[in-house]
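Engineer: following is a predicted model, sequence given first.
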Amino acid sequence: MSEDTIFHKIIRREIPAEVVYEDEHLIAFRDIAPQAPVHVLFVPKETLATLNDLPDDRPEIVGRLAVAAARYAKAQGLAEKGYRIVMNCNPDAGQTVYQLHLHLLAGAPLGRFGTPG
Ligand code: AMP
């Protein structure tokens, strides 16, 4: 598994990012090309290229991302109006960075999603 994605470099502080949260398990930072007024990425520090690589006995890796995203949304006053979390897996979903991550999108009504093409 590659430990040389751009997100690994952010975790190692080799390139800058606007970090909004970090603990021993994960880091959260603003997306460089936001698709909504609030667009934050939650990334585990453990190397996992895609959701397909999540071990059956390690659901907490994704659980922690979801908990951190919900906590962030609540702290930012976004939770009542709503938000979307997204994980893209492999090319048909448009995954571009092959280190597992969860997108948090919020701050405006969001369009529908999931249509082919
Ligand atoms: P995905 O398409 O699900 O793989 O999402 C990868 C996301 O990473 C995209 O939304 C990019 O805009 C974002 N991204 C790429 N490079 C950086 C970076 N250096 N800092 C912050 N976000 C980035």
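Structural biologist: Cool, the structure landed.
Engineer: C-alpha from now on. contacts and neighbour counts both.
Structural biologist: Will do.
Engineer: show me the longest strand that occurs in this structure.
Structural biologist: The strand that spans the most residues within the chain, counting by DSSP state E, is strand 38-44.
Engineer: packing partners of the next helix or strand along the chain from that strand?
Structural biologist: Under the assignment DSSP states H and E, the closest C-terminal helix or strand after strand 38-44 is helix 60-75. Judged by 3 or more C-alpha pairs under 8 Å, 6 or more residues apart in numbering; DSSP states H and E, helix 60-75 is in contact with strand 38-44, strand 102-106.
Engineer: close to the ligand: what parts of this structure are there?
Structural biologist: A17, R30, D31, I32, A33, N88, G94, Q95, T96, V97 (C-alpha under 6 Å from any ligand atom).
Engineer: for the spatially closest residue to E24 that is not a sequence neighbour, what are its contacts?
Structural biologist: Spatial nearest neighbour of E24, excluding adjacent residues (C-alpha to C-alpha, 6 or more residues apart in numbering): K45 at 7.7 Å. By C-alpha atoms under 8 Å, 6 or more residues apart in numbering, the contact set of K45 is H8, I11, E24, H25, L26, I27.
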